[in-house]
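J.: quick one, what's the 3D model for this:
(one chain, ligands or ions: 1)
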Amino acid sequence: MPQNTPEEIDPFIAQLFAHQHDSSHYESALAEMQAASLPEINVSASEGMTLHVLIRAVAAKRVLEIGTLGGYSALWLASALPANGKLITLELDPKHAAVATANILKAGLSDRVEVRVGPATESLAALERDGIGGFDVTFIDANKDGYVDYLDYAIRLTRVGGVILSDNTLTHSALDPTADTGITRFNRKLAHTPGLISAVIPTLRHGIDGLSISVVVHK
Ligand SMILES: C[S@@+](CC[C@H](N)C(=O)[O-])C[C@H]1O[C@@H](n2cnc3c(N)ncnc32)[C@H](O)[C@@H]1O
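T.: Just a heads-up that it's a prediction; the model follows:
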């Protein structure tokens, strides 16, 4: 029997569960991102659903995202929060942040989402300095060469028992033992950081990639 391909499976999952969500907001956000010529490097709909389900599964109220782009994943994360929940999402590029802010407003989620503009390391340092931590979930999805630093911040800013999610961890030569890239360095650090218990969910879009899931057991 022929195997189903990633290109077939990803839309199958997205369509199967689409009726559970207000898909007009997601489609509208993607259209706005395309109209603004943003790079098409957002999570897929099926991965967005996975993020949404994980946020609900741990009853998260406070979520941190590193890498906003046009706010597509932010919509999946924020729509899983209760009305008094909060998502802080960090973005380097003011143009990306402006598109995200408009998409979040249009989806009626501005009351629970804050977009912070600037290099993530500076925004993360400011959060730490201001005592804003204890996140239930942190989602890392920005520049891959920053992942190792973002993991250090994520551990400090996520509560014990909370979850760190990291995207694209099976890409960029992840399986090459001789490679020295942001992702290979990150995977090694993730695997060997005491206090984290991790696994990877393979994700599908244009081929196979991965979403790492780590529980902060102790610090
Ligand atoms: C893969 S995209 C994020 C996709 C988004 N999470 C989604 O799925 O809709 C990565 C984003 O990280 C941003 N970025 C790159 N370097 C950054 C940095 N040093 N600090 C903060 N954001 C950064 C990029 O501008 C880009 O918008």
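J.: report the separation between the spatially most central residue of the chain and Pro194.
T.: A centroid search over the chain (C-alpha atoms, centre = their mean) returns Phe139, at 3.9 Å, as the residue closest to the centre. Separation of Phe139 from Pro194 (C-beta to C-beta, to the nearest Å): 22 Å. Yep, even glycine has a C-beta here, placed from its N, CA and C like the rest.
J.: could you do Val160 as well?
T.: Following C-beta to C-beta, the distance that separates Val160 from Pro194 is 13 Å.
J.: same question, Thr169
T.: 19 Å.
J.: okay, the two: which has more neighbours?
T.: When Thr169 and Pro194 are compared for neighbours, Thr169 comes out ahead with 26 against 7, by other C-beta atoms under 10 Å.
J.: for the chain, list the residues in contact with the ligand, please.
T.: Those residues of the chain that sit near the ligand, judged by C-beta under 6 Å from any ligand atom, are 41-43, 67-69, 72-73, 90-93, 96, 119-120, 141-143, 146.
J.: how about the contacts made by His29?
T.: For the record, residue 29 is Ala, not His. Ala29 makes contacts with Gly70, Gly71, Tyr72, Leu75, Asn103, Lys106, Ala107, as judged by C-beta atoms under 8 Å, 6 or more residues apart in numbering.
J.: restricted to helices, list those.
T.: The members of the contacts of Ala29 that map onto helices under DSSP state H are Tyr72, Leu75, Asn103, Lys106.
J.: ok, the residues you listed vs Arg185, which is closest?
T.: Checking those against Arg185 by C-beta to C-beta gives Tyr72 as the nearest, at 26.7 Å.
J.: ok, for the closest one, nearest residue in space, not its chain neighbours?
T.: Asn42 (4.0 Å; C-beta to C-beta, 6 or more residues apart in numbering).
J.: OK, contacts around that neighbour?
T.: With the criterion set at C-beta under 8 Å, 6+ apart, Asn42 makes contact with Leu30, Met33, Leu69, Gly70, Tyr72, Ser73.
J.: still on that earlier bit, reformat the ones in helices among the contacts of Ala29 as CSV; add neighbour count and pLDDT.
T.: Formatted as CSV, the ones in helices among the contacts of Ala29 follow (neighbours: other C-beta atoms under 10 Å; pLDDT from 0 to 100):
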residue, neighbour count, pLDDT
Tyr72, 26, 98
Leu75, 28, 98
Asn103, 26, 98
Lys106, 16, 97
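J.: low-confidence stretches in the protein?
T.: 1-2 (pLDDT under 70).
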